[in-house]
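[1] Next come a sequence and a model predicted from it.
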2 protein chains.
Amino acid sequence: MSARAAANGMERNQRSTLSAADWERAALELISEKGVQALAVEPLARRMGITKGSFYWHFSSRESLLEQALQRWEDHDSRNLNRSLGEIKDPRERLISFFRRVGKEKLTHEVYSELCAAAGHPQVEPVLERVANRRIAHLSAAFEELGLPETTAMHQARLTYSVYLGFLQLQRQHQTPQLSSEAFDAYIEHVIQTLIPGVQSESQR
Amino acid sequence: MSARAAANGMERNQRSTLSAADWERAALELISEKGVQALAVEPLARRMGITKGSFYWHFSSRESLLEQALQRWEDHDSRNLNRSLGEIKDPRERLISFFRRVGKEKLTHEVYSELCAAAGHPQVEPVLERVANRRIAHLSAAFEELGLPETTAMHQARLTYSVYLGFLQLQRQHQTPQLSSEAFDAYIEHVIQTLIPGVQSESQR
DNA sequence: CGATTACCATACGGCAGAGTATGGAAAACT
DNA sequence: AGTTTTCCATACTCTGCCGTATGGTAATCG
């Protein structure tokens, strides 16, 4: 009985053979937990109950793994954004869904949060730039649909995105109220009323 | 002529002997440039034109250096905050100065930005928590002075601080307009008008 | 002026992760 | 059934940093 067969039983639950996509998914999961700098070949392999002999068959280097994993994440995120753009017609609802989606899509946001922490990394930087530009453009378009002039809409979009980024940061510091609690909902409500024109609370009507 | 004397002439311009404070300052400078994870003994020593033989005379470990450097930074930041609280009476002016000070105090903010990126680090985390709480309390108090009810003021303070954090993040990604340009001033103006109650632009009057 | 103290260089051992080399086993082809 | 391909384990080397040990030199003190 080989050591490989022993490992199959417990640690590796799925198939008997790994693909590059498996490594990429595991890499993103590790990033979401410990950050980009913690993405190392041997620790990742140990985590998967395997050795790096496998890794270097699928990838040429650690750098290459990061590259592929980042691309996978970016594609996934990009599709998500376009989907909400197509599905939600009302720009106000689209903006609100932007905030509400922070709770859902947990893994994606955790990864993004860690990527932000690793800005400055040569491979991460361009991804961050593209993603931020796409999302800000998305917000800016919604604000324009709501009647804001172009420059104002751009400012408001940048401001809104800053709030989102700051929220992620406070979350990383555990400085934010528990998600899915009344305190959290109240805060989100406050943010929406402050940033989205034309949304009024009951007390203000 | 010793190698030491040769190093004195060029790399080390100041005194002939280093103090613990010198190491702490150099550490903060390195953090502001490359982040917390880049704070390593040997690279830092090389940067200072010296060897780690000196370092381990002043400090017991890398951990200890980080501890002292962080404390130095936090003290400095804390004093800054209290100073503005004492000097500026008008709460509106105090809030505005909060944003305007992002341009000044460059090193302090760059360090803070990198500390945020290193949230999760056991030594950094408590510092971040204390600093954020102090600043948010500072903002919250100002909003209360402007007449907002307690809960609303707290929400607004958290929101405002999120904007600040998001701004730092966008700066790290080079996604923000150049400081001290008209575009930058226009954006800051927009932020102030959106977040500070009772501030009106000329076009809105 | 001799001895102590402060500060630093050099050389060492140790660990952790990157990448390479090589061989083995199972599966897929022919 | 025999061969090739696919996938992985094991055993190296190499590099970068941590922390220690030890000795040297300049300043300072008694």
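    Alright, I've got the coordinates.

[2] and chain A, which of its residues are near DNA strand D?
    A:3-4, A:7, A:16-19, A:45, A:50-54, A:57-58 (C-beta under 7 Å from any atom of the strand). Backbone N, C-alpha and C define where each C-beta goes, glycine included.

[3] what helices or strands is whatever helix or strand A:Glu125 lives in leaning on?
    Here A:Glu125 sits within helix A:124-145, counting by DSSP states H and E. In terms of contacts (3 or more C-beta pairs under 8 Å, 6 or more residues apart in numbering or on different chains; DSSP states H and E), helix A:124-145 is packed against helix A:62-87, helix A:91-100, helix A:106-117, helix A:150-172.

[4] As CSV, those helices with mean pLDDT, distance to chain B and mean neighbour count would be great.
    Listed next are the helices and strands packed on helix A:124-145 as CSV, based on pLDDT from 0 to 100; distance: least, C-beta to the nearest C-beta, whole Å; neighbours: other C-beta atoms under 10 Å in any protein chain shown:
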stretch, mean pLDDT, distance to chain B, mean neighbour count
helix A:62-87, 95, 14, 15
helix A:91-100, 88, 12, 17
helix A:106-117, 95, 4, 20
helix A:150-172, 96, 3, 22
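
[5] In the helix holding A:Glu125, which residues are buried?
    Within helix A:124-145, the residues scored as buried using 16 or more other C-beta atoms under 10 Å in any protein chain shown are A:124-125, A:127-128, A:131-132, A:135-136, A:138-140, A:142-144.

[6] I'd like those as a markdown table, with pLDDT and distance to A:Leu66 appended.
    Listed next are these as a markdown table, based on pLDDT from 0 to 100; distance: C-beta to C-beta, whole Å:
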| residue | pLDDT | distance to A:Leu66 |
| --- | --- | --- |
| A:Val124 | 98 | 8 |
| A:Glu125 | 97 | 12 |
| A:Val127 | 98 | 10 |
| A:Leu128 | 98 | 13 |
| A:Val131 | 97 | 16 |
| A:Ala132 | 97 | 19 |
| A:Arg135 | 95 | 22 |
| A:Ile136 | 96 | 25 |
| A:His138 | 94 | 26 |
| A:Leu139 | 96 | 28 |
| A:Ser140 | 97 | 30 |
| A:Ala142 | 96 | 32 |
| A:Phe143 | 97 | 34 |
| A:Glu144 | 97 | 36 |
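
[7] List just the nearest of those to B:Glu67.
    Closest approach to B:Glu67 among the buried residues of helix A:124-145 (C-beta to C-beta): A:Val124, at 28.3 Å.

[8] give the contact list for the closest residue to that closest one other than its chain neighbours.
    Nearest residue to A:Val124 in three dimensions, chain neighbours excluded: A:Ala118, at 4.8 Å (C-beta to C-beta, 6 or more residues apart in numbering or on different chains). Taking C-beta atoms under 8 Å, 6 or more residues apart in numbering or on different chains, we find A:Ala118 in contact with A:Gly35, A:Val36, A:Gln37, A:Val124, B:Ala117.

[9] Hmm, B:Gly35 and the last one touching each other?
    Yes - with the criterion set as C-beta atoms under 8 Å, B:Ala117 and B:Gly35 qualify as a contacting pair; they are 5.9 Å apart.

[10] Common neighbours of these two, please.
    Common neighbours of B:Ala117 and B:Gly35, using C-beta under 8 Å, 6+ apart, are A:Gly120.

[11] Quickly find the element holding whichever residue of chain A sits closest to DNA strand D.
    For chain A, the residue closest to DNA strand D is A:Gly53, as judged by C-beta to the nearest atom of the strand, at 1.9 Å. If you go by DSSP H and E, A:Gly53 is part of helix A:52-58.

[12] Kindly reformat the helices and strands packed on helix A:124-145 as TSV containing distance to DNA strand C.
    Shown next, in TSV, are these (distance: least, C-beta to the nearest atom of the strand, whole Å):
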stretch	distance to DNA strand C
helix A:62-87	4
helix A:91-100	35
helix A:106-117	16
helix A:150-172	22
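
[13] so what's the backbone phi/psi at A:Pro177?
    phi -60, psi 150 (degrees, to the nearest 10).

[14] returning to what we had before: phi and psi next, for the residue nearest to A:Val124.
    phi -100, psi 20.

[15] measure A:Ser16 to chain B for me?
    Distance from A:Ser16 to chain B, counting by C-beta to the nearest C-beta, to the nearest Å: 35 Å.

[16] Pretty sure A:Glu145 sits against A:Glu93.
    No - contact criterion C-beta under 8 Å: A:Glu145 and A:Glu93 do not qualify, at 11.1 Å.

[17] if we can go back for a sec, the buried residues of helix A:124-145 into CSV, with extra columns for distance to A:Thr108?
    Shown next, in CSV, are the buried residues of helix A:124-145 (distance: C-beta to C-beta, whole Å):
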residue, distance to A:Thr108
A:Val124, 15
A:Glu125, 19
A:Val127, 13
A:Leu128, 14
A:Val131, 11
A:Ala132, 15
A:Arg135, 12
A:Ile136, 17
A:His138, 15
A:Leu139, 17
A:Ser140, 21
A:Ala142, 20
A:Phe143, 23
A:Glu144, 26
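
[18] before we move on, which element is A:Arg46 in?
    For A:Arg46, the enclosing helix or strand under DSSP H and E is helix A:41-47.

[19] residues making contact with that helix?
    Surrounding helix A:41-47, the residues in contact under the criterion C-beta under 8 Å, 6+ apart are A:Trp23, A:Ala26, A:Ala27, A:Leu30, A:Thr51, A:Lys52, A:Ser54, A:Phe55, A:Tyr56, A:Arg62, A:Leu65.

[20] Just flag the most distant two among those.
    A:Leu30 and A:Tyr56 (17.5 Å).

[21] between those two, who's got more neighbours?
    Between A:Leu30 and A:Tyr56, A:Leu30 has the larger neighbour count (other C-beta atoms under 10 Å in any protein chain shown), namely 21 against 13.

[22] does that one sit in a helix or strand, and which one?
    Here A:Leu30 is assigned to helix A:20-34, by DSSP H and E.

[23] What residues of that helix count as buried?
    A:Ala20, A:Asp22, A:Trp23, A:Glu24, A:Ala26, A:Ala27, A:Leu28, A:Glu29, A:Leu30, A:Ile31, A:Ser32.

[24] ok, the fifth one touching A:Met48?
    Yes - under the criterion of C-beta under 8 Å, A:Ala26 is in contact with A:Met48, at a separation of 5.7 Å.
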